[in-house]
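In: Here is the input, now give the coordinates:
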Amino acid sequence: MVTTAYTREEIMGYLSEIADPEIPVLTIEEIGMLRDVLITEKGYEIILTPTYTGCPAMGIIEEDIERLLAEKGVGPVTVKLVYAPAWTTDWITDAAKEKMRKYGISPPEHSSCSQAFSVGSSVSCPKCGSADTQLVSRFGATACKALYKCNSCKEPFEHFKCH
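Out: Have a look, this model is predicted:
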């Protein structure tokens with residue numbers, strides 16, 4: 001039974017503070033993983049869509065959500081992972097893409113719904129802006145990123161893959 005009434009907007013506001021553990025300059029809201037909050041007679045259901053099936057950060061994110069909402073007195077809480085529709089880079093806000101760039105990650109530039117991204121496409125270096133870059137590995141530190149190097153400034157960087 002819900003003990004204290006909170007609005008969907010209040011809970012979404014709380015959850016908008018939770019950082020993505022793999023890209024800590026972004027929140028789960030900015031990256032588009034936070035999909036909804038449902039208020040039912042059984043409590044609060046938080047709807048998330050992982051960026052990838054099997055994303056290793058999901059356990060940490062779920063714990064962060066439960067801990068934050070418990071601190072705010074919100075409960076009971078359940079976290080539900082939803083895989084349809086599948087997460088897409090279209091859900092990343094423009095502000096989040098700029099934060100990625102400043103953090104040193106090349107953000108996705110294409111809409112996954114209208115234009116397929118191919119590995120041979122031009123990827124700009126987030127450090128110097130050059131498009132003279134080269135794919136080093138289709139996978140970076142996480143499955144959602146690829147490893148590149150810049151031929152201009154010679155720096156390695158990750159690119160968040162469009163999907």
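In: buried set for the helix ranked longest in the chain?
Out: Scanning the chain for the helix with the most residues, using DSSP state H, yields helix 58-71. If you call a residue buried by 16 or more other Cβ atoms under 10 Å, then helix 58-71 has these buried ones: Met58, Ile61, Glu62, Asp64, Ile65, Glu66, Leu68, Leu69. Every C-beta, even on glycine, is put in place using the N, C-alpha and C of the backbone.
In: for stretch 74-81, same thing?
Out: Buried residues in stretch 74-81, counting neighbours by 16+ other Cβ under 10 Å, are found at Val74, Gly75, Val77, Thr78, Val79, Leu81.
In: Cross those residues against strands and list the overlap.
Out: Judged by DSSP state E, strands contain the following of the buried residues of stretch 74-81: Val77, Thr78, Val79, Leu81.
In: What residues are bridge-paired with the third one?
Out: So that's Val79. With DSSP bridges as the criterion, Val79 is bridged to Ile46.
In: Strands of the chain, start to end?
Out: Under DSSP E, the chain gives strands at 34-40, 43-48, 77-81, 105-106, 133-137, 145-150, 156-160.
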